[in-house]
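Enquirer: Fold the following and give me the result.
(chains A and B)
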Amino acid sequence: MAEQRESHLWKWLLCTPALLVLVLAASGPLFIVLAYSFLTPGTMGGVRWEFSTEGWFRVFLQRDIFDPDEVRWNQAHLTIFWRSISLSLQTTIICAVLGFPTAWFIATRPPHRRALWLFLITIPFWTNLLIRTFAIQELIRNNGTINTLLMRTGIIDSPIQMMFTDFAVLLGMAYVFMPLMVLPLYAAMDKLDFRLVEAGYDLYASRIKVLWYVILPLVKPGFIAGSILVFIPSIGAYVTPRVLGGGRTMMLGNLIALQFGQGRNWPLGAALAVVMLVIVVTTLVLYLRWANREGGQVRV
Amino acid sequence: MKDQTARDSVEIEITGLSKVFGQGAAAFSALSDIDLTIRTGEFFTLLGPSGCGKTTLLRVIAGFEQPSTGSLRINGREVAGKGPNARPVNTVFQNYALFPHMSVADNIGFGLKMLGKPRAEVAATTADMLRLVKMEEMAERKPAQISGGQQQRVALARALAPRPRVLLLDEPLSALDLKLRKEMQGELKRLQAETGITFIFVTHDQEEALTMSDRVAVMSAGRILQLGSPHEIYHAPRERFVADFIGDTNFMELPVARLEKGGAFVTLPGGSETRAELPEGLTPVIGEKVTVVIRPEQVQMAPPDAAEMTGTVESATFFGTDTHVHLRLSDGQGFILRRQNSARTEEPAPGAVMGLKLSPGALRVLRD
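Expert: Predicted coordinates:
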């Protein structure tokens, strides 16, 4: 018995480093954020330790400047929430649609070549995100590469406005997050038994039908993992919408940063951060329920 | 031998077909100059060691590979260049390749669904097929939830459900244990008889080929060496490879003494002359050595004075119904004899000299 108790103690001791990291690095900060959302803003940023729900109030609502008793929906915030969700969903869909053929291409190369293609997919990760985003800006700004080329060749007379639009943000995010879709999709396809594809063809399915009835259901776990990996950082994206979207196409990440910076309203920023967390968790739960609706074997 | 007049309508006609993989120096010829006619309703077997091209030939017929040259007609229609979904042919894959995300019933109904059959027809045929392979109880299970033998039945039902003209079977029994394999061999014969569909069966197991087939094509290095009924293949092999691959065989190098119509007299070790059958079109030179072949069960023990040749017993292995006796002939060549046992026969002792008598007509000259 004593021996058993001792080994039990050892188990806990061995777990301590992991537990410490979990408490200090994961749950701890989250609780601090949650606590700050119920405090009062300090004058120079930071918080005063006085309980207040003002931060949460201002997440969704606002008071009239002249008549503090008149309360309205905070239209600007709601627009930003919606834009964040919508752009993140669109990014996920774009990454899935473009990532599928990319991953398929890699998975169907001879095994010794696949490593090279995977390596090429990861090359963008080698340099700083900000630099890559500025490179995209260089491509799409009014006197950037694309507009200059189009005007030189006489296809257009005046530059197409691409910077500071939703398009620019989508382009940037799809580019940045594409590898996060391609890699899990590739992993799923790598495990795909191509004899099943042959069996599909053999049983009179056309290429499209084989794709729909055989390949897509079998690589679904890759889509699910990829979608989660793309959607979560998209919702909180900061650099891409900041550089390519400017002030006009602000997303949640920028709004939160604004409250902690120039806005000097940490409780509001903290409340917004919690809202973001809720959005992500809710979307994930809904998505996984939908993805596993047929009792599939996917567990994420 | 089966009566072949009833089955003379041609199902598959292959002429001058070859398949080359790769290009230039790395080119590998998997099939060369295949000419083959398979009759409707036949149980046809492609037999050969691994790498002989039998699976490639099956994949060419299925449409997974396109031939490099030559023509392939199924029921009179040229199908070379057409994909597998445009051929009235279904395959039972070696590892079954059942769709893991679909139930047993959905797997079986897949082909019909892809052909655009109405839902009621798909359901009815699926039910028939489940009954045919005795899997009614398992209709809603996923492939991972049934045993290997059951997966095999489902794979068969799935391939038979669209009523193909030809069913291709790629070593479908190789993953099963011996008892189940015997059972499935009978099952396959039954299904073929019940459906009347032409079966093309690929195997490296010579016993399986002999017991199940109407006709067998023995393949090696991308060519068909011999084509015939199991009886012909076993008793009248034309080439050393065929004789060696199928069953136990004795090969002897013997000089030709004289020729006769359709046969040659060869001199056995010990000096006596005996007749050996000649394959068509082969005329050996008198005095030169030829390879002759005889099956171990076509040799009998005899008293030394009545024997055609003698051998010294090296070892004997008791198998129950018969005993395999390993002998050394008087000229030093090894020889195996298979003796039918009864309760009274004694086991031959090593070192004993034994007289041997060959069954008439059993000795054959090989084309080398």
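
Enquirer: Now do the same for whichever residue of chain B sits closest to chain A: its pLDDT.
Expert: Closest residue of chain B to chain A, Cβ to the nearest Cβ: residue B:111 (3.8 Å). (C-beta placed from N, C-alpha, C; glycine too.) Residue B:111 carries a pLDDT score of 95 in this model.

Enquirer: what's the answer for the one 10 residues further on, then?
Expert: Note on residue B:121: pLDDT of 95.

Enquirer: Excluding chain neighbours, what is closest to it?
Expert: Distance criterion Cβ to Cβ, 6 or more residues apart in numbering or on different chains; nearest residue to residue B:121, sequence neighbours excluded, is residue B:112 at 6.8 Å.

Enquirer: Please, which helix or strand holds that neighbour?
Expert: helix B:104-114 (DSSP states H and E).

Enquirer: From the chain's centroid, how far away is that helix?
Expert: Taking Cα atoms, centre = their mean, to the nearest Å, the mean C-alpha location of helix B:104-114 is offset from the chain mean by 31 Å.

Enquirer: With stretch A:209-219 instead?
Expert: That offset, for stretch A:209-219, works out to 26 Å (Cα atoms, centre = their mean).

Enquirer: does chain B sit close to it?
Expert: Yes - judged by Cβ under 8 Å from any Cβ of the partner chain, stretch A:209-219 and chain B are in contact via A:209, A:213-214, A:217-218.

Enquirer: Out of the residues you listed, which comes closest to chain B?
Expert: Checking the residues of stretch A:209-219 next to chain B one by one against chain B (Cβ to the nearest Cβ), the nearest turns out to be residue A:217, at 4.6 Å.

Enquirer: how many neighbours does that closest one have?
Expert: Per other Cβ atoms under 10 Å in any protein chain shown, the neighbour tally for residue A:217 reads 15.

Enquirer: Provide the secondary structure category for the nearest residue to it once chain neighbours are set aside.
Expert: Nearest residue to residue A:217, sequence neighbours excluded (Cβ to Cβ, 6+ apart): residue B:101, at 4.6 Å. Recorded secondary structure, residue B:101: coil (DSSP: H, G, I helix; E, B strand; the rest coil).

Enquirer: Can you give me the neighbour number for residue B:101?
Expert: Neighbour tally, residue B:101, other Cβ under 10 Å: 19.

Enquirer: Quick check, it in contact with residue A:219.
Expert: No - counting by Cβ atoms under 8 Å, residue B:101 sits too far from residue A:219 to count as a contact (10.6 Å).

Enquirer: any idea of the pLDDT on the residue nearest to residue A:217?
Expert: On the pLDDT scale, residue B:101 gets 93.

Enquirer: likewise residue B:263?
Expert: For residue B:263, pLDDT reads 84.

Enquirer: Would you confirm that it contacts residue B:278?
Expert: Yes - between residue B:263 and residue B:278 there is a contact at 5.5 Å, judged by Cβ under 8 Å.

Enquirer: Identify the residue spatially nearest to the residue in the stretch 201-300 of chain A that chain B sits nearest to, adjacent ones excluded.
Expert: Using Cβ to the nearest Cβ, residue A:203 is the residue of the stretch 201-300 of chain A that sits closest to chain B, at 3.8 Å. In this structure, residue A:203 finds its nearest non-sequential neighbour in residue B:111, 3.8 Å apart by Cβ to Cβ, 6+ apart.

Enquirer: Quick one: name whatever helix or strand follows the lengthiest helix in chain A.
Expert: What stands out as the longest helix in chain A, according to DSSP state H, is helix A:75-107. The helix or strand immediately downstream of helix A:75-107 is helix A:111-122, counting by DSSP H and E.

Enquirer: can you dump the C-alpha coordinates of that following helix into PDB?
Expert: Taking C-alpha atoms only, helix A:111-122 is exported to PDB below (Å, rounded to 0.1, in the frame of the first residue of the first chain):
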ATOM      1  CA  PRO A 111       7.200   9.900 -52.400                       C
ATOM      2  CA  HIS A 112      10.700  11.300 -52.700                       C
ATOM      3  CA  ARG A 113       9.400  14.500 -54.300                       C
ATOM      4  CA  ARG A 114       6.700  15.200 -51.700                       C
ATOM      5  CA  ALA A 115       9.200  16.500 -49.200                       C
ATOM      6  CA  LEU A 116      10.400  19.200 -51.600                       C
ATOM      7  CA  TRP A 117       6.800  20.400 -52.200                       C
ATOM      8  CA  LEU A 118       6.000  20.400 -48.500                       C
ATOM      9  CA  PHE A 119       9.200  22.300 -47.900                       C
ATOM     10  CA  LEU A 120       8.100  24.900 -50.500                       C
ATOM     11  CA  ILE A 121       4.800  25.300 -48.800                       C
ATOM     12  CA  THR A 122       6.500  26.100 -45.500                       C
END
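
Enquirer: pLDDT weak spots in chain A?
Expert: A:1-3, A:294-300 (pLDDT under 70).

Enquirer: And the strands in the stretch 101-250 of chain B, which stretches?
Expert: B:166-170, B:198-203, B:215-220, B:223-228, B:250-260 (DSSP state E, counting those that start in this stretch).

Enquirer: What's the mean pLDDT across the second one?
Expert: Right, the one you point to is strand B:198-203. 95.

Enquirer: Give me the residues contacting it.
Expert: Contacts of strand B:198-203 with the rest of the structure, by Cβ atoms under 8 Å, 6 or more residues apart in numbering or on different chains, involve B:11-12, B:38-47, B:54-55, B:58, B:61, B:165-174, B:188, B:192, B:209, B:212-213.

Enquirer: 6 Å - rerun?
Expert: Under the contact criterion Cβ atoms under 6 Å, 6 or more residues apart in numbering or on different chains, strand B:198-203 has outside partners B:11, B:40-47, B:54-55, B:58, B:166-171, B:192, B:209.

Enquirer: I only care about the residues you listed that end up buried; give me the PyMOL line for that.
Expert: Typed into PyMOL, the line below selects the buried ones among the contacts of strand B:198-203, using 16 or more other Cβ atoms under 10 Å in any protein chain shown:
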select buried, chain B and resi 11+40+41+42+43+44+45+46+47+54+55+58+166+167+168+169+170+171+192+209
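
Enquirer: Check the gap between the residue nearest the centre of chain B and residue B:216 for me.
Expert: Residue closest to the average C-alpha location in chain B (Cα atoms, centre = their mean): residue B:209, at 3.4 Å. Noted for residue B:209: a distance of 5 Å to residue B:216, by Cβ to Cβ, to the nearest Å.
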